[in-house]
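In: sequence first, then the predicted structure, then my questions.
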Amino acid sequence: MDITGISFVDDLKLKGKKVFIRVDFNVPLNGSEITDDARIRAAIPTIEYVVEQGGIPIIASHLGRPKGTPNPKYSMEPVALRLAKLTGYEVILPESLHDPVIPTLIADIKPDQVVLLENLRFHPGEEKGDPEFAKSLADLADIYISDAFGAMHRKHASVYQMVQHFGRGTKAAGLLVRDEIRALGGLLGQPAKPFVAVMGGAKVSDKIGVLTSLIEKVDKVVIGGAMAYTFLAAQGHNMGASRVEEDQIDTALKILQRAAKLGKEIVLPVDHRIARSFDAKREEDVQVTSDIAISEGWMGLDIGPKSVELFVSEIAEAKTIFWNGPMGVFESELFSKGTMAVAHAIADAKGFTVIGGGDSASAAKVAGVEKKVDHISTGGGASLELIENGTLPGIEALRLNHPFS
Ligand SMILES: Nc1ncnc2c1ncn2[C@@H]1O[C@H](COP(=O)(O)OP(=O)(O)O)[C@@H](O)[C@H]1O
Ligand SMILES: O=C(OP(=O)(O)O)[C@H](O)COP(=O)(O)O
């Protein structure tokens, strides 16, 4: 990955400077309880670095999709509490994004205090990339650091437009973004071969771009989850009541043809765990098919045991692995076997292993293998777009002399 013209936080002089740190604290919530604080933990090294260097951190993130209006359900309050607990800093959370006391709070900050702004998406200008909102944020700080990897595929005010107010020596990527760029960028450069991508999840249409791009770079693509059914249907197999995206069958065919032309293999399930509905609750409601076909009235909800064996052996032989998307409806224990087997196989693989965020990251956690994977990205959409396009708007914005548009 080309990082010419991009500085990192440890290249800058931070002492006495007001440092705006855009992070991605978009954590999953159950009411006001944070169910996974991985994204908060991941941004802490940069925040601590800024504090250690004598900078004054002004931390900001979005949380959920409040659609441009303040909504207590999406307040940063639980995040502020967790950040305080994890760091020992006193986290000051002004009441609103427009709180007139913010500049004074920043000016009067004491050591071991940090300011966390309210949810940036409480302002309609954030998602619109509004230049005035971007300027009002930029006016708070001397330096801009982006550590919001999970949001860098969004051309939003605090990720993109705001950055044009900072020049040489005053804008940089944070430590998390550096790790993400190194790991995901490693897949784009000259990865050790065989390079195997394991793709799953629900929607072919969401991941078609990245699949099209991956097929050029990898040696094999292993496809599970609901995505596989569109490919199998494209090959003419009966998929019963499984989730097939009819309007993507042509694209799936094109990908299969392109792979054949390039001499690359697309590995699809050879059997399935099926049920009559998503709501199957008991093992008795589940059947395993004897081969690829799925009978009318039945739907594939996980890969079957022969497919598990096949996928695991492909993963074991790989020297580089990228995984995105579960192999089945892994939220239910009845259909999590394939996903868990893939998580363990990736953990045991000798090669360089990267998980592309989202559900696959939570599956790795459930499987208890997070520490055995080389890199788990904090961004789902962002990691896919980085692989697809080789860069992200938020990364480009950090480049010196980037022509903002
Ligand atoms: N066979 C299947 N049928 C229906 N849904 C599936 C199937 N396999 C996986 N899914 C669903 O796909 C969802 C995840 O898809 P997606 O959002 O594309 O993955 P990710 O979050 O990893 O990018 C999960 O909620 C899972 O239940
Ligand atoms: O959670 C995020 O993306 P992800 O679920 O694709 O990893 C980011 O915080 C971006 O959020 P958004 O998809 O609401 O713009």
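Out: Sure, I can see it. Ligands and ions are numbered 1, 2, ... in the order given.

In: and for whichever residue of the chain sits closest to ligand 1, the neighbour number?
Out: Of all residues in the chain, residue 201 sits closest to ligand 1, at 2.5 Å by C-beta to the nearest ligand atom. Glycine gets a C-beta too; all of them are placed from N, C-alpha and C. Each residue near residue 201 was counted by other C-beta atoms under 10 Å, and the total is 20.

In: quick one: contacts for it?
Out: Neighbour list for residue 201: 207, 225, 226, 227, 324, 325, 326, 358, 359 [criterion: C-beta atoms under 8 Å, 6 or more residues apart in numbering].

In: got the phi/psi numbers for it?
Out: phi 100, psi -170 (degrees, to the nearest 10).

In: do the same with residue 18
Out: phi -80, psi 120.

In: which residues does it contact?
Out: Counting by C-beta under 8 Å, 6+ apart, residue 18 touches 55, 56, 58, 106, 140, 141, 142, 143.

In: filter those down to the buried ones.
Out: 55, 56, 58, 106, 140, 141, 143 (16 or more other C-beta atoms under 10 Å).

In: which of the residues you listed fall in helices?
Out: Among these, the ones falling in helices (DSSP state H) are residue 106.

In: on that earlier part again, filter the contacts of residue 18 down to the ones in strands?
Out: Among the contacts of residue 18, the members found in strands (DSSP state E) are 56, 58, 143.

In: take the residues you listed and lay them out in JSON lines including pLDDT and distance to ligand 2.
Out: Output for the ones in strands among the contacts of residue 18, formatted as JSON lines (pLDDT from 0 to 100; distance: C-beta to the nearest ligand atom, whole Å):
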{"residue": "56", "pLDDT": "97", "distance to ligand 2": "25"}
{"residue": "58", "pLDDT": "98", "distance to ligand 2": "19"}
{"residue": "143", "pLDDT": "98", "distance to ligand 2": "23"}
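
In: ok, these vs residue 289, which is closest?
Out: Relative to residue 289, the closest of the ones in strands among the contacts of residue 18 is residue 58; by C-beta to C-beta it sits at 55.9 Å.

In: specify the beta-bridge partners of that closest one.
Out: residue 20, residue 115 (DSSP bridges).

In: make sure it is actually in contact with residue 106.
Out: Yes - Residue 58 is in contact with residue 106 according to C-beta atoms under 8 Å; the separation is 6.0 Å.

In: shared neighbours, these two?
Out: 18, 115, 140.

In: let me know the pLDDT of the last one.
Out: The pLDDT attached to residue 140 in the predicted structure is 97.

In: how far away is it from residue 98?
Out: Residue 140 is 12 Å from residue 98, where distance means C-beta to C-beta, to the nearest Å.

In: kindly report the same for the first one.
Out: Summarising the geometry, the distance separating residue 18 from residue 98, computed by C-beta to C-beta, is 18 Å.

In: neighbouring contacts of stretch 296-308?
Out: Here stretch 296-308 has contacts from 224, 226, 228-229, 238-243, 269-278, 280, 286-289, 294, 311, 327-330, 332, 334-339, 341-342, using C-beta under 8 Å, 6+ apart.

In: again, only this time at 6 Å
Out: 224, 229, 240-242, 269-275, 288, 294, 327-329, 335, 337-338, 341 (C-beta atoms under 6 Å, 6 or more residues apart in numbering).

In: that stretch near ligand 1 anywhere?
Out: Yes - contact of stretch 296-308 with ligand 1 (C-beta under 6 Å from any ligand atom) involves 300, 301.

In: list the contacts of residue 370.
Out: So residue 370 contacts residue 364 (C-beta under 6 Å, 6+ apart).

In: the residue nearest to residue 400 when sequence neighbours are not counted: how many residues sit nearby?
Out: Of all residues not flanking residue 400 in the chain, residue 5 sits nearest, at 4.2 Å (C-beta to C-beta, 6 or more residues apart in numbering). By other C-beta under 10 Å, 12 other residues sit near residue 5.

In: over to residue 81?
Out: 14.

In: what does the one 3 residues further on give?
Out: Using other C-beta under 10 Å, the number of residues around residue 84 comes to 16.

In: confirm for me that residue 7 is in contact with residue 174.
Out: No - between residue 7 and residue 174 there is no contact under C-beta atoms under 6 Å: 10.8 Å.

In: which one's more surrounded, those two?
Out: Per other C-beta under 10 Å, whichever of residue 7 and residue 174 has more neighbours is residue 174, with 26 against 18.

In: near ligand 2, which residues of this structure are found?
Out: Checking the chain against ligand 2 by C-beta under 6 Å from any ligand atom, the hits are 24, 26, 65, 150, 151, 154, 357, 358, 379, 380, 381.

In: tell me which element residue 185 is part of?
Out: Using DSSP states H and E, residue 185 falls within helix 175-188.

In: with residue 43 instead?
Out: Going by DSSP H and E, residue 43 is in helix 38-52.
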